[in-house]
Structure formats: structure tokens, C-alpha cells
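Chemist: I would like the atomic coordinates for the input below:
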Amino acid sequence: MRIAGLDIQPILLHIQGEEKYEQQFVRAKQHLIDSGISDTIFVSGINAKEQGIVGTLPYELDNPNGGHMIGQKYVGSFLSQYMVYNVMNTLPNEYYLFMESDVNLPPNFLKLLELQLFYLPNGFDFLFIESCCGMDKPKEYIGGLVYKFPRNQGYPCMYPLGGACYIVSKKSIPHIINTQRVAYAPADLSLGMHSFYAMDVYAILPRLVNQLGNENLPQ
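Modeler: From the prediction side, this is the model:
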């Protein structure tokens, strides 16, 4: 599909193996159609609990030597995102609109998104459409509801968090694949610490899209 003149392929993540995920997926497919998105590619991701996958690397940046493990849910999410990146890498499109199955798009979503995309420069790499915890980060106002985040690498993460709905460029996918190979942190945090330093990252703030159940998360 084309939005604001950009070639954008929608992709919806489908986690199988649990009734709540299947119900979310059924709802999301109809939700996208109702929102005018009819050419979505569905990617089946990793249900780490069902598949017996357990992470072995601790996340200790907040609490050194604390031995904290992110758990199967976040390991599965990280691996699912990695699968999606590899699918994107095989497709011919210029950009990809990624969505999780608990995404909640507002009325007139495509029109609202298009209005904000016109503020973005040619060749942008990443746009948070759903996010949290971005308002208190250093950023540059671009126009409309669009902000740009300065390049930063490592801990602490200086980017928004969240990943239920975003746009990513095809040209940035090989870099993301090469820098998202260690599943020790949640996927959104890992992107901010290990990939975004070489990308032009923007966000719509306040967020245009919500994640069901997380509507009250800080902007």
C-alpha cells in the first residue's frame, strides 16, 4: 500500500498456541480490514512457553550481578521480532508497518498517519506510532506530532519503548539483524541500546496508536 507516497507493506505478528493470542489475532485481522488495511502479511512468531524455549542470558544493567532473567514471554517476543526482520529482509518494499495483534488503531488511522508522515524527511529509518516513556527523553521537534531522537548507544536507553506499531525502513533491516542477535533484554530496549545508534529514529507523540491493556502507560 502507499501512504504519503511511501511504499509500505503492513505486517501483523501472530503468536500461536494459546487461546488469548488466537482471539487477539482474529480480532486484529478484522480490525485492520475495518481500518482500510487489506494487504497485510501475517507472520507466525515464537511462543517460547509452548516451544520450550528458555533464555539463559541475564539482564543486569539495572541491577549489576542481580541475575535477572527476562522470562519466556520476552524471549519469545525478541525471537519473534527477529523472525519478522528476516521476513522484511526478503521483501521488496521500501518500508514496513509492523503491528502486534493487540494493536488498537484509532478511527481514520490511515489518514491520521499520513498527515504525520508528511513531516518526516526522505529516507527516515524508524517511526514509533505506538510507544511509551518517550516524552522525558531528549528529542527535537520536527512538526505536527513528530519528534526526532538523537543518536545514542548503550545503557541507559534514550529512546521510547514499545513496539506494538511502528514503521521501519528496508535499508535499515540488515543493520538491525546484525545488531539484534543476543536475547538478554526485551526487544524494544535492545533496539534502543544496540541498533538505533546508527538509525534516524522518530516518534509520533503523543502516541497515535494504543496497545490493548496498556492504554494508561506514560507517554
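Chemist: which residues of the protein fall in helices?
Modeler: 19-34, 48-51, 71-90, 109-117, 173-179, 187-194 (DSSP state H).
Chemist: Next, the angle helix 187-194 makes with the longest one.
Modeler: In this case it means helix 71-90. 70 degrees (axes from the mean of the first three to the mean of the last three C-alpha atoms, to 10 degrees).
Chemist: mean confidence score for helix 71-90?
Modeler: Across helix 71-90, pLDDT averages out at 97.
Chemist: And that helix, what does it pack against?
Modeler: strand 6-14, strand 41-44, helix 48-51, helix 173-179, helix 187-194 (3 or more C-beta pairs under 8 Å, 6 or more residues apart in numbering; DSSP states H and E). Placement of C-beta: from N, CA and C, glycine included.
Chemist: Equivalent analysis for the shortest one, please.
Modeler: Contacting helix 48-51 under the criterion 3+ C-beta pairs under 8 Å, 6+ apart are the following elements: helix 71-90.
Chemist: Give me the buried positions along the helix it packs on.
Modeler: For helix 71-90, the neighbour count (16 or more other C-beta atoms under 10 Å) marks 72, 74-82, 84-85, 88 as buried.
Chemist: Check stretch 137-153 too.
Modeler: So, applying 16+ other C-beta under 10 Å, buried residues of stretch 137-153: 137, 139, 142, 145, 146, 147, 148, 149, 152.
Chemist: Inside strands: which ones of the residues you listed?
Modeler: 142, 146, 147, 148, 149 (DSSP state E).
Chemist: OK, contacts around the last one?
Modeler: What that stands for is residue 149. By C-beta atoms under 8 Å, 6 or more residues apart in numbering, the contact list for residue 149 reads 134, 137, 138, 139, 140, 158, 159, 160, 196, 201, 202, 203.
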